[in-house]
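S.K.: Could you work out the structure for the sequence below:
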Amino acid sequence: MKQAIQIGAGNIGRGFIGALLEQAGWHVTFADVVEPIINALNEQHHYTVHILDREPGEIEISNVDGVISTSPEFAQRVAQCDLITTAVGPNVLPIIAKSIAGGVQARIAAGNQNPMNVVCCENGLRTTTRLKNEVVKHLNEDEKAFLEEHIGFADCAVDRICPKPNFENILDAAVERYCEWDVERAGWKGEQTEIPGMTYADNLMAYLERKLFTLNSGHAICAYLGYLKGYQTIKESIADPFIGGTVYAAIKESGAGLIKEFDFDPAAHYAYVDKIFARYQNPFLEDEVLRVGREPIRKLEPGDRLIKPLTTTASYGLPVDHLIFGAAAALRFDCPEDAQSVELQAKLKAEGPAAALSAYSGLQTDSPLFARILDVYNALGIAAK
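M.R.: Have a look, this model is predicted:
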């Protein structure tokens, strides 16, 4: 039986990636630092994935256990596994890199030369490549050579809304029915194992940016505007005529940029836009705006969901009147429980919005987009009073 380690035993790990692997006949070991979750996995060895959608359902997951990701046992599991997947958040990847490197060293010591693959299932571009660059920092030259020969690092695009669960069993997870998992064929080592729900892609960047420019961008804009209006959930926010209209127009604008960038078929892409917008309106998902909006500094980075769609679309001379709202509203996300929000608000207070936008977005202060974002930022502040 093939062995997988899913690093990150949260809702995405349990409800999406780990569940697909277990359904495909893999044994899945969840690795995390949250002891109650790991203890529950080792005591129960099963949980339920609840599909919250217009066609609801339940999936029983049973071939699972857990391990503390910082423990010596983790390295021994890596020494014998076939696949490592992650769902921890891009900022955590440098932290887990050392543990994975220890697993590579344990694999060498065990003489295991079977192919192993690593796939980071994160919201971001080329996160598996970023993890590999961190892992090799902890290896010597011989160990790096072993890694290059026997371990694949395949970037991927993932797409499934996994809201915060609220079940009696702490292991149960909530997901929408729709899911997409596209893995870059060129990065995979050895036999290309068939996993229902996962596809191999030759042009991964098109999938990555389609999702980033559409689902992720619209989701974030909805969350930040919803937060400013006092809404608690995405469902409430998207039902607001102004927010819903802004989000739909924004992902159509970014779609026009994608069509230029990747020569997408316009009819097919705008049908995809409509499908994404319908997913935001799923009446069975109570996805919290605070969850979707967390880590605003990361989401304001030049290559992420607010700035990249904006700059790409603008580079073709196309309208960005609604995409502008994303970065402007993100600057006003003030959540004391989120460390990045606290940092962002402190910088805004100390240095002002221009300094904050310049520091986090990568935009030049003389860019026309820079001034337009600040104009909307100021207008949102007036509207909120």
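
S.K.: Strands of the chain, start to end?
M.R.: Secondary structure of the chain (DSSP state E): strands located at 3-7, 27-32, 47-51, 57-61, 64-68, 83-86, 116-120, 151-153, 156-159, 173-175, 180-184, 198-201.

S.K.: the inter-axis angle of the fourth one versus strand 47-51?
M.R.: In terms of direction (axes from the mean of the first three to the mean of the last three CA atoms, to 10 degrees), strand 57-61 departs from strand 47-51 by 160 degrees.

S.K.: and Lys299, how far is that from His219?
M.R.: Distance of Lys299 to His219, computed by CB to CB, to the nearest Å: 10 Å. All C-beta spots, glycine's among them, are computed from the backbone N, C-alpha and C.

S.K.: Now do the shared contacts for the two.
M.R.: Overlap of the contact sets of Lys299 and His219 (by CB atoms under 8 Å, 6 or more residues apart in numbering) consists of Arg305.

S.K.: and Lys189, how many neighbours?
M.R.: Under the neighbour criterion other CB atoms under 10 Å, Lys189 is assigned a count of 17.

S.K.: try Gln113
M.R.: The local packing of Gln113 (other CB under 10 Å) involves 11 other residues.

S.K.: Do I have it right that it meets Leu147?
M.R.: No - Gln113 is not in contact with Leu147 according to CB atoms under 8 Å; the separation is 11.6 Å.

S.K.: gap between Phe333 and Tyr377?
M.R.: As judged by CB to CB, Phe333 and Tyr377 stand 11 Å apart.

S.K.: Which of the two has more residues huddled nearby?
M.R.: Set Phe333 next to Tyr377 and count neighbours by other CB under 10 Å: Phe333 wins out with 25 against 22.

S.K.: Quick check: pLDDT value at that one.
M.R.: Predicted confidence (pLDDT) for Phe333: 97.

S.K.: show me the residues around it that make contact.
M.R.: Per CB under 8 Å, 6+ apart, neighbours of Phe333: Tyr224, Tyr227, Gly293, Pro296, Ser341, Leu344.

S.K.: Could you point out which residue ranges in the stretch 1-150 of the chain have low pLDDT?
M.R.: The model of the stretch 1-150 of the chain has no residue with pLDDT under 70.

S.K.: where exactly do the helices run in it?
M.R.: 11-12, 18-23, 35-44, 72-80, 93-109, 127-135, 141-150 (DSSP state H, counting those that start in this stretch).

S.K.: Let me know the distance separating Glu141 from Gly152.
M.R.: Distance, Glu141 to Gly152, using CB to CB: 20 Å.

S.K.: Comparing those two, which residue is more hemmed in?
M.R.: Per other CB under 10 Å, whichever of Glu141 and Gly152 has more neighbours is Gly152, with 21 against 8.

S.K.: beta partners of the more buried one?
M.R.: Asn117 (DSSP bridges).

S.K.: Might one say that it is in contact with Trp188?
M.R.: Yes - using CB under 8 Å, Gly152 is in contact with Trp188, at 4.9 Å.

S.K.: got any residues that touch both of the two?
M.R.: What both Gly152 and Trp188 touch, as defined by CB under 8 Å, 6+ apart, is the set Asn117.

S.K.: didn't Thr365 look like it was pressed against Ala354?
M.R.: Yes - using CB under 8 Å, Thr365 is in contact with Ala354, at 6.7 Å.

S.K.: neighbour count winner among those two?
M.R.: Ranked by neighbour count (other CB under 10 Å), Thr365 and Ala354 place Ala354 first, with 15 against 11.

S.K.: circling back to that earlier point, and the strands of the chain as CSV, adding distance to Gln192?
M.R.: Shown next, in CSV, are the strands of the chain (distance: least, CB to CB, whole Å):
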stretch, distance to Gln192
strand 3-7, 15
strand 27-32, 19
strand 47-51, 25
strand 57-61, 24
strand 64-68, 24
strand 83-86, 12
strand 116-120, 10
strand 151-153, 10
strand 156-159, 13
strand 173-175, 25
strand 180-184, 9
strand 198-201, 6
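
S.K.: Tell me which of the ones you listed lies nearest to Ile234.
M.R.: Closest of the strands of the chain to Ile234 is strand 173-175, at 13.4 Å (criterion: CB to CB).

S.K.: What pairs with that closest one, parallel or antiparallel?
M.R.: In its sheet, and by DSSP bridges, strand 173-175 pairs with strand 47-51 (parallel).

S.K.: what angle do the strand it pairs with and helix 35-44 make?
M.R.: Put simply, strand 47-51 runs at 110 degrees to helix 35-44, going by the same axes, to 10 degrees.

S.K.: Renumber starting at 861 from here on
M.R.: Sounds good: first residue 861 from here, last item strand 907-911.

S.K.: just checking, what packs against the longest helix along the chain?
M.R.: Of all the elements of type helix in the chain, the one with the most residues (DSSP state H) is helix 1101-1122. Applying 3 or more CB pairs under 8 Å, 6 or more residues apart in numbering; DSSP states H and E, one finds that helix 1101-1122 contacts helix 1064-1071, helix 1077-1088, helix 1094-1099, helix 1126-1140, helix 1167-1175, helix 1184-1190.

S.K.: now for the ones you listed, which one comes closest to His906?
M.R.: Of those, nearest to His906 by CB to CB is helix 1126-1140, at 28.3 Å.

S.K.: Quick check: which helices or strands does the closest one pack against?
M.R.: Using 3+ CB pairs under 8 Å, 6+ apart: helix 1126-1140 touches helix 1077-1088, helix 1094-1099, helix 1101-1122.

S.K.: How about it, which residues are buried there?
M.R.: Residues His1129, Tyr1130, Tyr1132, Val1133, Ile1136, Phe1137, Arg1139, Tyr1140 are the ones in helix 1126-1140 that count as buried (16 or more other CB atoms under 10 Å).
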